[in-house]
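# okay, here's the prediction I keep looking at, along with the sequence it came from:
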Amino acid sequence: MQRTISADLDASAEDVYATLADLTTYPGWLDIVTHVQEAPAAPTDAGPAWFVTLRAQVGPFSRSKRLRMVRTVQRPHHAVTFVRGEIDGRRHSAWTLDVTTAGDHPCAVRVELRYEGRLWTAPLEAILGSEATGAVPRLEALVGRHNDDATGD
C-alpha cells in the first residue's frame, strides 16, 4: 500500500522541514498518528528513533499499531525518511515514510507512506484516502505555530 499527501504550503522550506523532520509533530496534523514518543537508541540506528502509535477506525471497527520508527535520511530543507526499525529480533512488515520539500513560499511538500504488509491495508486505505483533505490545513497551521514558537512571536 502506498499513499501520498501533496500540498503547496504558504511557508518556507526551512519551517516545513523543521516540522516534518520531527515525528512528535505528526499527531498535530495527521489523525492516524495518535501518539509519538522518543525511543531509546539502538547501535544499528541511522538516526533518532520514536515509538509511533497508529490508529485506524472504520465504522465500529478500529485497529491500533505501535511501530518503532528511525530517521534514516536527513537532508535539511529537502528530504527526510523514517523507516520501521524494530529491535525485538522478529521479522516485521516494512513501513516507510518519505517527506520531500521543494521551493520556498509556497513550499511544495510531499509526504508518502508505504506499508508492505497485508493486515492493515484495508483500514489504512480507507482512512488515509479521506484524511489528506483535512491533514493539509492542519499541517499548514502547525508549521505556522512551530515557526512562531521558534521565533518567540
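That came through, no problem.
# strands of this structure, start to end?
Taking DSSP state E to define them, one finds strands in the chain at 2-9, 33-39, 49-58, 61-75, 79-84, 95-102, 107-115.
# export those to JSON lines and tack on mean neighbour count, mean pLDDT and distance to residue 141?
Any C-beta I mention is one placed from the backbone N, CA and C, and that applies to glycine too. Shown next, in JSON lines, are these (neighbours: other Cβ atoms under 10 Å; pLDDT from 0 to 100; distance: least, Cβ to Cβ, whole Å):
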{"stretch": "strand 2-9", "mean neighbour count": "16", "mean pLDDT": "89", "distance to residue 141": "10"}
{"stretch": "strand 33-39", "mean neighbour count": "15", "mean pLDDT": "96", "distance to residue 141": "16"}
{"stretch": "strand 49-58", "mean neighbour count": "18", "mean pLDDT": "88", "distance to residue 141": "21"}
{"stretch": "strand 61-75", "mean neighbour count": "16", "mean pLDDT": "91", "distance to residue 141": "24"}
{"stretch": "strand 79-84", "mean neighbour count": "20", "mean pLDDT": "97", "distance to residue 141": "20"}
{"stretch": "strand 95-102", "mean neighbour count": "20", "mean pLDDT": "95", "distance to residue 141": "17"}
{"stretch": "strand 107-115", "mean neighbour count": "19", "mean pLDDT": "92", "distance to residue 141": "14"}
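# which among those is found nearest to residue 132?
Residue 132 lies closest, by Cβ to Cβ, to one member of the strands of the chain: strand 2-9, at 4.6 Å.
# quick one: the closest one to strand 95-102, angle?
Comparing the axes of strand 2-9 and strand 95-102 via axes from the mean of the first three to the mean of the last three Cα atoms, to 10 degrees yields an angle of 30 degrees.
# just checking: what are the partner strands of strand 2-9?
Strand 2-9 sits in its sheet next to strand 107-115 (antiparallel), going by DSSP bridges.
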